[in-house]
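A.B. asks: Pasting the sequence and the predicted model now:
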Amino acid sequence: MPYDTQPQASHFINGRYVEDPAGAAIDVIFPYTGETIATVHAGTAAIVDQALAAAKAAQPAWAAMAPRERGRILTRAAQIMRQRNADLSLLETMDTGKPLQETLVADATSGADALEFFGGLAGGLTGETMQLGEDWVYTRREPLGVCVGIGAWNYPTQIACWKAAPALACGNTMVFKPSENTPLCALKVAEILTEAGLPDGVFNVVQGMGETGKALIGDGRVAKVSLTGSVPTGRKVYAAAAHDLKHVTMELGGKSPLIVFDDSDMENAVGGAILGNFYSSGQVCSNGTRVFVHRSIKDRFLVRLTERLGDAVIGDPRDAATSFGPMVSESQMDIVLGYIDKGKAEGARLVTGGARLDRPGFFVAPTVFADVTDKMTIARDEIFGPVMAVLDFEDEEEVVARANDTPFGLSAGVFTRDIGRAHRVIARLEAGTCFINSYNDAPVEVPFGGMKASGVGRENAHAALEHYSQIKSVYVRMGDVEAPY
Ligand SMILES: NC(=O)C1=CN([C@@H]2O[C@H](COP(=O)(O)OP(=O)(O)OC[C@H]3O[C@@H](n4cnc5c(N)ncnc54)[C@H](O)[C@@H]3O)[C@@H](O)[C@H]2O)C=CC1
């Protein structure tokens with residue numbers, strides 16, 4: 001039985017659905033038809049207070065629970081999430097417009113992976129001991145307290161779980177605010193965690209826009225903020241968190257380079273460029289949207305790319321055959337179309353696409369520009385849509401310098417059959433999440449995050465535990481204290 005698109009209520013606080021109709025109404029639009037499929041209300045000051053109070057009250061007992069027991073609850077939630085993957089994926093598709101083909105494998109499944117992974121690690125959270133002569137020191141890995149998670153709209157379930165799983169494993173509690181564009185699936189994550197035995201108040205969901213996010217992060221009860229969003233929002237959130245010296249994780253935007261050398265396997269390189277530009281209609285932070293192709297193979301690359309893009313099945317994202325869906329919203333579509341116009345105006349050569357598709361819904365055709373130069377707007381700004389910029393290069397030294405010439409540093413990819421060159425080039429690229437002969441793989445075992453303006457901290461892997469816990473060191477003197485007086 002698929003889920004209703006209209007949730008029982010807007011927020012999930014202290015183990016139950018909560019409504020406050022005084023909050024501004026937020027319509028949830030199905031991007032394929034433009035229809036309103038649900039309406040939720042933004043969290044009012046009272047809702048924000050209720051959620052933070054619940055998270056604060058629940059935290060000591062949650063932290064005191066045996067870590068293995070905390071982990072067992074997360075693992076149970078992962079199992080429920082997998083059992084309901086079909087329904088969760090359909091809801092995610094309705095919320096985001098992403099094809100079911102994608103949501104079935106990359107959203108609730110990735111969320112379940114994170115819950116399972118950190119559920120498994122919880123029991124192994126340990127400190128260190130050090131012997132210093134007769135004296136010794138031990139360290140305790142302690143939770144931070146109440147964490148606030150703030151999400152973007154491209155991977156709502158995944159983002160909620162990537163933040164909640166390590167936070168909860170470490171003994172923190174969380175208030176999560178989904179993107180106002182995609183508010184539905186985080187509520188399901190909360191429902192499932194509760195069903196799995198999570199104590200009330202440990203994971204709460206509050207809807208709202210930037211203002212609600214601001215109210216959450218400005219509150220003195222909050223110890224840490226983890227944001228997935230754009231760089232401009234990241235600057236504001238980081239600055240607000242700095243006031244009380246709160247911990248932060250910032251997963252922000254990018255304009256990542258994907259370098260295709262002349263000895264690459266052409267089919268794999270084209271496949272990588274497709275995955276790194278058109279998956280989720282290009283709404284992926286780590287996308288390799290500056291595709292540097294060696295001049296000697298550029299024409300062949302563009303021919304093959306265009307042929308393969310012709311095989312994209314564009315249509316109803318609920319249809320299992322569809323491989324390319326609409327943008328999340330009309331406004332995001334308009335932003336992307338604006339960038340396409342800039343590309344044309346600044347003299348890039350349009351190879352394919354370049355317009356809105358003549359059909360209902362927020363569809364932008366898969367678009368490729370060639371002969372793009374480093375200074376063009378489409379080579380500098382994050383577009384967050386299905387727009388690939390192909391740039392030519394001649395040699396390794398030049399392409400490394402140009403690839404690094406950006407304030408962003410989220411991802412980078414290299415295609416080459418020369419394994420020595422692959423490692424050498426990757427070592428010189430200023431990016432946190434890199435790929436050799438592949439693109440955009442994001443298993444939970446691997447640290448994910450950016451360098452430079454693309455972020456602070458890492459999600460997933462053991463690395464995430466460092467960002468949701470703090471170390472207390474305890475010096476133990478075995479002999480007498482020798483004071484000078
Ligand atoms: N590095 C990563 O892991 C990822 C990064 N992104 C980035 O996210 C962006 C697209 O997502 P959007 O939702 O448009 O980003 P956005 O930056 O507009 O919003 C992100 C979230 O922040 C909230 N927010 C906005 N202003 C705020 C404020 N002053 N205080 C607190 N919260 C505030 C929004 O309501 C939303 O929930 C892209 O730039 C993309 O690259 C997206 C996915 C993954």
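C.D. replies: That came through fine. Numbering: from 1, shown residues only.
A.B. asks: Could you tell me which residues of the stretch 101-250 of the chain lie near the ligand?
C.D. replies: With the criterion set to C-beta under 6 Å from any ligand atom, the stretch 101-250 of the chain comes near the ligand through 150-154, 177, 179-180, 209-210, 213-214, 217, 228-230, 233, 236-237. All C-beta atoms are positioned from the backbone trio N, CA, C, and that covers glycine.
A.B. asks: Where helices are concerned, which of these count?
C.D. replies: Assignment to helices by DSSP state H places the following of these there: 210, 213-214, 217, 233, 236-237.
A.B. asks: In the chain, which residue sits nearest the ligand?
C.D. replies: residue 213 (2.4 Å; C-beta to the nearest ligand atom).
A.B. asks: about what we covered before: filter the ones in helices among the residues of the stretch 101-250 of the chain next to the ligand down to just the buried residues.
C.D. replies: Neighbour-count burial (16 or more other C-beta atoms under 10 Å) applied to these gives 213-214, 217, 233, 236-237.
A.B. asks: Dump the residues you listed into a markdown table; add distance to residue 9 and pLDDT as well.
C.D. replies: Output for those, formatted as a markdown table (distance: C-beta to C-beta, whole Å; pLDDT from 0 to 100):
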| residue | distance to residue 9 | pLDDT |
| --- | --- | --- |
| 213 | 20 | 98 |
| 214 | 23 | 98 |
| 217 | 23 | 97 |
| 233 | 26 | 98 |
| 236 | 29 | 98 |
| 237 | 26 | 98 |
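A.B. asks: Out of these, which comes closest to residue 399?
C.D. replies: Comparing these against residue 399 with C-beta to C-beta picks out residue 233 as the nearest, at 30.8 Å.
A.B. asks: And the closest one, how close does it get to residue 244?
C.D. replies: For residue 233, the distance to residue 244 under the criterion C-beta to C-beta, to the nearest Å works out to 19 Å.
A.B. asks: now residue 212
C.D. replies: Between residue 212 and residue 244 the distance, using C-beta to C-beta, works out to 18 Å.
A.B. asks: Among these two, which residue is more densely surrounded?
C.D. replies: For residue 212 versus residue 244, neighbours defined as other C-beta atoms under 10 Å are more numerous around residue 212 (23 against 12).
A.B. asks: Which residues are in contact with the more buried one?
C.D. replies: When contacts are counted by C-beta atoms under 8 Å, 6 or more residues apart in numbering, residue 212 is found next to 42-43, 48, 177, 206.
A.B. asks: Please work out how many residues are found near the residue nearest to it when sequence neighbours are not counted.
C.D. replies: Distances taken as C-beta to C-beta, 6 or more residues apart in numbering put residue 43 closest to residue 212, at 4.6 Å, once the chain neighbours are dropped. Other residues within reach of residue 43 by the criterion other C-beta under 10 Å amount to 30.
A.B. asks: which stretch of helix or strand covers residue 43?
C.D. replies: Assigned by DSSP states H and E, residue 43 belongs to no helix or strand.
A.B. asks: if I look at it, how far off is residue 209?
C.D. replies: 9 Å.
A.B. asks: what do you get for residue 117?
C.D. replies: Residue 117 is 31 Å from residue 209, where distance means C-beta to C-beta.
A.B. asks: How about residue 59?
C.D. replies: Residue 59 sits at a distance of 26 Å from residue 209 (criterion: C-beta to C-beta).
A.B. asks: so how many other residues sit close to the closest residue to residue 136 other than its chain neighbours?
C.D. replies: Leaving aside its sequence neighbours, residue 136 sits nearest to residue 476 (C-beta to C-beta, 6+ apart; 5.3 Å). The number of residues packed near residue 476 is 11, by other C-beta under 10 Å.
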